[in-house]
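Undergrad: here you go, sequence then predicted model.
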Amino acid sequence: MNLKEALTTLPQYLLPHHGLSSLMSHLTHCENKAWKNLFIQQIIRHYGVNMEEAAERDVDAYKSFNHFFTRELKPGVRPLTDAKNAIACPADGAVSQAGRITGGDIFQAKGKSFTAASLLGGSPERARPFEDGIFATIYLSPKDYHRLHMPLTGTLREMVHVPGRLFSVNAATTNSVPGLFARNERVAAIFDTEAGPMALVLVGAIFVSSVETVWHGVVTPPTVQSVRTWQYGADAPTLKIGEEMGRFNMGSTIIVLFGKDRAQWREDFKADKAVQLGEPIGTTLA
């Protein structure tokens, strides 16, 4: 950890993460026109949000900042790959890391890692299908589209809400906080796909404590003290490749897991690569 990273990260250990997120939630859902328009315009200018891609370009049309933040895109601006056996990118953003799950460990940054079992709520049984498989961590910045979509067609098997902290997930914190993604609050959805089990893990972050899915609605808040699970049987939803599966109310990170010899990433799908929803990032294996 260098000095800049230390100054960015160490104060976060002292912050009341969930209290700040609750305050931010009130601010981002405020429907006062002057406030929400100012907030939206500042974010557009500061981060360079491309409103030409938005289904609704008029700032006045958004009832709150969060309504803007989870905005829809125009039809056709994120074409879905039609390549054979392709895995589609689930989000706009940048690759934080991508590679193999080695000995149950997922690489984070600068010699830091965390286990698949801890990421998925502390269950070795839940993590077992992903032993020696592959993972990808995609970071969504404030300028990005914040809805998440299916990399493959899948039938939902289980959803897990894991309580935790809400550290930032920017590069400085990722480089500095051990086991970051297995410490932050998160929601994991396990799907059965043509490539076997697939896990999509939606990781919260500071000012980001609200995660929702299309089949459940808002999963968090509330924040709880222990892991919550939902099992899906005969009435389990099946979502097609490219369909929306969830969203962040404010932005964060999605982690994708596949099992051993079930899928592979493209050679150019590497750390720091900018990616867009729907583009091919890998292929399933026979």
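TA: Now that the structure is in, tell me what you want to look at. Numbers count the residues shown, from 1 in each chain.
Undergrad: ok, which stretches of the stretch 101-250 of the chain are helices?
TA: Ranges of helices within the stretch 101-250 of the chain are 116-119, 124-127, 171-176, based on DSSP state H, counting those that start in this stretch.
Undergrad: which one of the ones you listed lies nearest to E244?
TA: With Cβ to Cβ as the criterion, E244 lies closest to helix 116-119 of the helices of the stretch 101-250 of the chain, at 22.8 Å. Glycine gets a C-beta too; all of them are placed from N, C-alpha and C.
Undergrad: now for stretch 110-130, what's the gap between its first and last residues?
TA: For stretch 110-130, the first-to-last residue distance is 23 Å (Cα to Cα, to the nearest Å).
Undergrad: now do the phi/psi pair for the residue positioned nearest the centre of the chain.
TA: Central residue of the chain (Cα atoms, centre = their mean): I254, 2.4 Å from the mean position. The phi/psi pair for I254 (degrees, to the nearest 10) reads phi -120, psi 140.
Undergrad: could you give the bridge partners of it?
TA: Beta bridges link I254 to I138, L202 when assigned by DSSP bridges.
Undergrad: kindly report the same for D192.
TA: T155, P197.
Undergrad: OK, contacts around it?
TA: Neighbouring residues of D192 by Cβ atoms under 8 Å, 6 or more residues apart in numbering: G154, T155, R157, M198.
Undergrad: so where is this structure shaky, pLDDT-wise?
TA: Applying pLDDT under 70 to the chain flags the ranges 1-26, 168, 170, 172, 176, 207-209, 222, 250-251, 286.
Undergrad: and the longest helix along it, which residues are buried?
TA: Longest helix of the chain, by residue count under DSSP state H: helix 33-47. Buried residues in helix 33-47, counting neighbours by 16 or more other Cβ atoms under 10 Å, are found at K36, F39, I40, I43, I44.
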